[in-house]
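S.K.: Got a predicted structure plus its sequence, pasted below:
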Amino acid sequence: MVEVLIVGGGPVGLYLAALLLQEGVKVRILEQRTGRDLHSRAIGIHPPALAALESAGVADTMVEAGVQIRRGVAISGGRTLGSMSFAPVSDRFPFVLSLPQFTTETLLEERVNHLDSSALVRGARVTDIADDGGRVTVSIDGTPGPGGRNPSTRLSAQLLVAADGSRSSVRGLLGIKARPRSYPDHYVMGDFEDSGGHRQEAVLYLEAGGIVESFPLPGGVRRWVARVDRPTQVPDAGELARIVHRRTGVRPEPATNTMLSAFSPRSAMAQRSVAGRAVLIGDAAHEISPIGGQGMNLGWLDAAELAPLICAALAGEPVGRRLQAYAAGRRKAARLARWQSEVNMTLGRPLPRPLLALRSHAIGAVAGIPAANRLVARRFTMQ
């Protein structure tokens, strides 16, 4: 008999499932997608999340597969303003790990399958939820079978966890609203062969036309993210390369491009993350701007704190007050993460030359103070 239903088989849902399966909990993960998304969206894994992933037995494998970013560099007008080392932020993981989300999900899914090969159910769309106070039951529509039928079923469990992303269907079925917040920021990004001199460094180019961010990826690839003035369609590789070259002097080779995307950040906070026997985690509870790479990490930390409460509840322990404290604490963490992402976006906005020079001077001054440098590094890595 299933004890916990997890809706959403992305990185957060898979991680929570691994934690619970390790404790002997019977889990089913209901994932609407029939296969993994090949697009490498989130790439940054911060030290607190790596420590949490270690408890699920996947951190070492991820570190082996990724690139360890041990330093960030700020550049403006071809001049280095300052650098930030991640060495002081963690004894165990003194770096930000760069790993494409596709690989992250693959490794987590392998861990889940090792623990229970039947736990993940793909092509399952939740269409209704009923909570009678003792158990929660979901109605599921499946993908068409060999005969062309569209099978449907109902599945019950003691608890339901929604990890189905920013457009959470579970959140809507539970009648929980989310308060959205939009921003005057828009970005284009792409992955190109890395031919520069910053092989294991993150580089922020703070230019008059807007920020350009650059991060190494496994396989000798570098991701370029450029702020643009208005919402835009996905650019072609040549157009993005020209934007990067015009602002930074670095010219990515368009023929080596492997991914292109465009996005306009937003954030949203669910009015509540606990409803009866259901809990929202990750983007279903709090969507954060991807600038700063905190969203996926925040979801993992949600799951790490929630898993012991789930185990206690299944053991018959009263967890009402602990669950209330959990919800309040994770909401506070989400607000802090949102604030940090908003600071990051503000620093990357276009400025007239006099103000750009003033900002560059301030960044250089802060970077030159060791204590301030360490504080910024800790804030950037969610500590």
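M.R.: Okay, I see it. Bear in mind that the values here come from a model prediction, so they are computed numbers and not experimental data.
S.K.: can you pull out the strands in the stretch 201-350 of the chain?
M.R.: Ranges of strands within the stretch 201-350 of the chain are 201-205, 212-217, 221-228, 259-263, 266-270, 274-275, 278-280, 286-287, based on DSSP state E, counting those that start in this stretch.
S.K.: ok, and what's touching the fifth one?
M.R.: The one in question is strand 266-270. With CB atoms under 8 Å, 6 or more residues apart in numbering as the test, strand 266-270 has contacts from 166, 171, 176-183, 280, 284-289, 331, 334-335, 338, 341. The way it works is simple: take the backbone N, C-alpha and C, and place the C-beta from them, glycine included.
S.K.: How about the second one?
M.R.: With CB under 8 Å, 6+ apart as the test, strand 212-217 has contacts from 40, 43-44, 67, 69, 98, 100, 191, 194, 196, 198-205, 222-227, 243-244, 247-248, 250, 348.
S.K.: and that strand, average pLDDT?
M.R.: Here strand 212-217 scores 96 as its mean pLDDT.
S.K.: Give me the angle between it and strand 201-205.
M.R.: Counting by axes from the mean of the first three to the mean of the last three CA atoms, to 10 degrees, strand 212-217 lies at 170 degrees to strand 201-205.
S.K.: Run the chain-centre distance for strand 212-217.
M.R.: Averaging C-alpha positions (CA atoms, centre = their mean, to the nearest Å) puts strand 212-217 16 Å from its chain's average.
S.K.: got the angle for it vs strand 259-263?
M.R.: Interaxial angle of strand 212-217 relative to strand 259-263 (the same axes, to 10 degrees): 140 degrees.
S.K.: got the contact list for Leu280?
M.R.: Contacts for Leu280 (CB under 8 Å, 6+ apart) come out as Val161, Ala162, Ser168, Val170, Arg171, Ile176, Ala270, Ser273, Val274.
S.K.: Now a ChimeraX select for only the buried ones of the contacts of strand 266-270.
M.R.: Here is the ChimeraX command that picks out the buried ones among the contacts of strand 266-270, judged by 16 or more other CB atoms under 10 Å:
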select :166,171,176,178,183,280,284,285,286,287,288,289,331,334,338,341
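S.K.: thinking again about what came up before, ok, the contacts of Leu280 vs Ile310, which is closest?
M.R.: Within the contacts of Leu280, the smallest distance to Ile310 is 7.7 Å, found for Val161 (CB to CB).
S.K.: How much space separates that closest one from Val279?
M.R.: According to CB to CB, to the nearest Å, Val161 and Val279 sit 5 Å apart.
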